[in-house]
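A.B. asks: whatever this is, show me its structure:
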Amino acid sequence: GGLTDQCVESAVRDACDSNFLVTLVTDASYTETPERQASSLRAVKGFCRQRLTTDVLAELDDLKKASPPPPHHLVPGPPPPTQDQEDVVAKYRFVRFEMADFNTKGLSKLVPAR
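C.D. replies: Numbers count the residues shown, from 1 in each chain. Model prediction:
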């Protein structure tokens, strides 16, 4: 949700309790009145840093310029499958069925694919 004094406050506190460093984008949330917005932002000020959208976008641009992506061969891929995962894949690799022989009552049989 986007309500600053409800969902956003709760999410900020939960994330902070889980040791995340939180940034609250103040102009990307809302409340019913400007007074409630200001009150909510004051209430969570100690749990997060507060920035405007333009500031966050500028920070992200600076990060992109400061750290170019690693060469393709250094980007980690997915971990290799475990033996259990390989066994499951092998067991079901060729298990497919093709529909055949429809009649007025619907599908009459399934034929394993070859």
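
A.B. asks: for this structure, what are the low-confidence residue spans?
C.D. replies: For the chain, the stretches with pLDDT under 70 are 69-76, 88-114.

A.B. asks: mind listing the helices for it?
C.D. replies: 9-17, 34-43, 53-66, 83-92 (DSSP state H).

A.B. asks: turn these into a markdown table, columns for mean neighbour count and distance to L3.
C.D. replies: Where you see a C-beta, it was placed from the backbone N, CA and C, and this is true even at glycine. Compiled in a markdown table, these are given as follows (neighbours: other C-beta atoms under 10 Å; distance: least, C-beta to C-beta, whole Å):
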| stretch | mean neighbour count | distance to L3 |
| --- | --- | --- |
| helix 9-17 | 15 | 8 |
| helix 34-43 | 14 | 9 |
| helix 53-66 | 11 | 18 |
| helix 83-92 | 10 | 42 |
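
A.B. asks: could you report the distance from Y30 to Q50?
C.D. replies: To Q50, Y30 is 14 Å away according to C-beta to C-beta, to the nearest Å.

A.B. asks: these two: who's more crowded?
C.D. replies: Q50 (17 against 13; other C-beta atoms under 10 Å).

A.B. asks: what's near enough to touch the more buried one?
C.D. replies: Q50 is in contact with T23, L24, T26, L41, counting by C-beta atoms under 8 Å, 6 or more residues apart in numbering.

A.B. asks: surely the last one meets T4?
C.D. replies: The one in question is L41. Yes - assessed by C-beta atoms under 8 Å, L41 is found in contact with T4 at 6.8 Å.

A.B. asks: just send the helices of the chain back as TSV, with distance to G77 too.
C.D. replies: Below are the helices of the chain laid out as TSV (distance: least, C-beta to C-beta, whole Å):
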stretch	distance to G77
helix 9-17	29
helix 34-43	42
helix 53-66	22
helix 83-92	15
